[in-house]
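Trainee: Below are the sequence and a predicted model for it; my questions follow.
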Amino acid sequence: MRRRAALVLIAATWLAEAAGAQGLAPEQRRSGFESMGSATQAMQRDDDANPGMLSVRDGEARWGRPEGPAARACADCHGDARLSMRGAAARHPRWDEALGRAVGLSQRIALCRARHQQVPGGAPEGVERLSLSAWVAHASRGLPVRPDPDLRLDAVRERGRRLFERRMGQLDLSCADCHDARWGRRLGGSTIPQGHANGYPLYRLEWQALGSLQRRLRNCMNGVRAQPWPADAPEWVELEAFLQARGEGLPVEAPAVRP
Ligand code: HEC
Ligand code: HEC
């Protein structure tokens, strides 16, 4: 409760300040990792201490498990994920020809389940999508985020940028008001990070669980009392595509750990 009251107070002060959303220069880019305490950083770095690694191991097991009427495993088509999936997390969202729209990595996995295994794709926070995303994203660990150059994604990223800059919720703040204009400042006991998407899915100590980027963004929208969109709505992919471009070059950290 105290944290909420602090948020409202701070938001009121900010709104009185001159608007200062000016974007992030590439040389200013900092992963959320850098603003964490050293104990949380150590937990992320050490695979034996990083609780997200349990989901990676679960995803590895699911990768090789036959599913659906044809008893097909992801591995039957894609082989060793450590090789075939290296880079996949760094370049998603990508364009899906059949749907005629962009999809993020977790949605791509749901599509493969539905199309190629004939099983339900699953919800963003369902264990199948979370664990398989963690396993697939882990194969890109350390690679720089590299947005897909497909020109059809430009309009998607642009819509994401507009969402990022649009004021929302009862507090009437945009993502940019916090993550471009005020990163590094304190807010109700946390340091405002730049808001990059290079660690997802990640283990959040506050959740005591692994969660998706959609879940993280829902938390931020709830924080300004805005109504989040339904699961897998196009707006999530638009924001994700913009965040990937905005964080280009940062290392993929999945599964990261955050406070
Ligand atoms: C019958 C073969 C088949 C199976 C089984 C299959 N996939 Fe796929 N997968 C594909 C094809 C084909 C593509 C290319 C995009 C498309 O057509 O959907 C693809 C694309 C992908 C991509 C995007 C890779 C990139 O670099 O952009 C990911 C990630 C993926 N699959 C994950 C999975 C996972 C996880 C499973 C198991 C749940 C799975 N796939 C099961 C055939 C398969
Ligand atoms: C009122 C300020 C505020 C607003 C507005 C806000 N956020 Fe955040 N955001 C935060 C704070 C604070 C954290 C870190 C929370 C923590 O660690 O406890 C955060 C965390 C994040 C993260 C996680 C970064 C990481 O390293 O994992 C992402 C991504 C993010 N925000 C994106 C967004 C997007 C997109 C929007 C708009 C829909 C938004 N935020 C709106 C304050 C804000």
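Mentor: Yep, it's here. Ligands and ions are numbered 1, 2, ... in the order given.
Trainee: Residue nearest the middle of the protein, spatially speaking?
Mentor: Leu213 (3.0 Å; Cα atoms, centre = their mean).
Trainee: who's in contact with the nearest residue to that residue once chain neighbours are set aside?
Mentor: Nearest residue to Leu213, sequence neighbours excluded (Cβ to Cβ, 6 or more residues apart in numbering): Tyr200, at 4.2 Å. Just so you know, the C-beta spots here come from the backbone N, C-alpha and C atoms, and that holds for glycine as well. Residues in contact with Tyr200 (Cβ atoms under 8 Å, 6 or more residues apart in numbering) are 133, 137, 212-213, 216, 254, 256.
Trainee: Which ones among those residues also lie next to ligand 2?
Mentor: Arg216 (Cβ under 6 Å from any ligand atom).
Trainee: Any chance of the contacts of Tyr200 in JSON lines with pLDDT as columns?
Mentor: Formatted as JSON lines, those follow (pLDDT from 0 to 100):
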{"residue": "Ser133", "pLDDT": "98"}
{"residue": "Ala137", "pLDDT": "98"}
{"residue": "Ser212", "pLDDT": "98"}
{"residue": "Leu213", "pLDDT": "98"}
{"residue": "Arg216", "pLDDT": "98"}
{"residue": "Ala254", "pLDDT": "98"}
{"residue": "Ala256", "pLDDT": "98"}
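Trainee: On the pLDDT front, check the residue nearest to Leu213 for me.
Mentor: Confidence at Tyr200, expressed as pLDDT, is 98.
Trainee: same thing with Leu7?
Mentor: 71.
Trainee: And for Gly104?
Mentor: At Gly104, pLDDT is 98.
Trainee: Same check on Ala11?
Mentor: 69.
Trainee: before we move on, back to that, any chance of the contacts of Tyr200 in JSON lines, with secondary structure and distance to Ala226 too?
Mentor: Output for the contacts of Tyr200, formatted as JSON lines (DSSP: H, G, I helix; E, B strand; the rest coil; distance: Cβ to Cβ, whole Å):
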{"residue": "Ser133", "secondary structure": "helix", "distance to Ala226": "25"}
{"residue": "Ala137", "secondary structure": "helix", "distance to Ala226": "27"}
{"residue": "Ser212", "secondary structure": "coil", "distance to Ala226": "18"}
{"residue": "Leu213", "secondary structure": "helix", "distance to Ala226": "16"}
{"residue": "Arg216", "secondary structure": "helix", "distance to Ala226": "14"}
{"residue": "Ala254", "secondary structure": "coil", "distance to Ala226": "26"}
{"residue": "Ala256", "secondary structure": "coil", "distance to Ala226": "24"}
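Trainee: returning to that earlier point: ok, now how distant is the residue nearest to Leu213 from ligand 2?
Mentor: The gap separating Tyr200 from ligand 2 is 7 Å, by Cβ to the nearest ligand atom, to the nearest Å.
Trainee: Nearest residue to the closest residue to ligand 2 within the chain in space, please, no chain neighbours.
Mentor: Nearest to ligand 2 in the chain, going by Cβ to the nearest ligand atom, is Gly32, at a distance of 2.1 Å. Of all residues not flanking Gly32 in the chain, Pro193 sits nearest, at 3.8 Å (Cβ to Cβ, 6+ apart).
Trainee: any idea which element the one you found lies in?
Mentor: Assessed by DSSP states H and E, Pro193 sits outside every helix and strand.
Trainee: Now stretch 113-133 - C-alpha only, PDB.
Mentor: Provided in PDB are the C-alpha atoms of stretch 113-133 (Å, rounded to 0.1, in the frame of the first residue of the first chain):
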ATOM      1  CA  ARG A 113       2.300 -26.800 -31.200                       C
ATOM      2  CA  ALA A 114      -1.100 -26.100 -32.900                       C
ATOM      3  CA  ARG A 115       0.100 -26.500 -36.500                       C
ATOM      4  CA  HIS A 116       2.700 -29.200 -36.300                       C
ATOM      5  CA  GLN A 117       1.700 -31.200 -33.300                       C
ATOM      6  CA  GLN A 118      -2.100 -30.600 -33.400                       C
ATOM      7  CA  VAL A 119      -2.200 -29.800 -29.600                       C
ATOM      8  CA  PRO A 120      -3.600 -26.600 -28.100                       C
ATOM      9  CA  GLY A 121      -1.000 -23.800 -28.300                       C
ATOM     10  CA  GLY A 122      -1.500 -22.800 -24.700                       C
ATOM     11  CA  ALA A 123      -1.700 -19.500 -22.800                       C
ATOM     12  CA  PRO A 124       1.200 -17.100 -22.500                       C
ATOM     13  CA  GLU A 125       1.700 -18.100 -18.800                       C
ATOM     14  CA  GLY A 126       1.000 -21.800 -19.300                       C
ATOM     15  CA  VAL A 127       3.800 -24.100 -18.400                       C
ATOM     16  CA  GLU A 128       4.300 -25.400 -21.900                       C
ATOM     17  CA  ARG A 129       4.900 -22.000 -23.500                       C
ATOM     18  CA  LEU A 130       7.000 -20.700 -20.600                       C
ATOM     19  CA  SER A 131       9.300 -23.700 -20.300                       C
ATOM     20  CA  LEU A 132       9.700 -24.100 -24.100                       C
ATOM     21  CA  SER A 133      10.300 -20.300 -24.500                       C
END
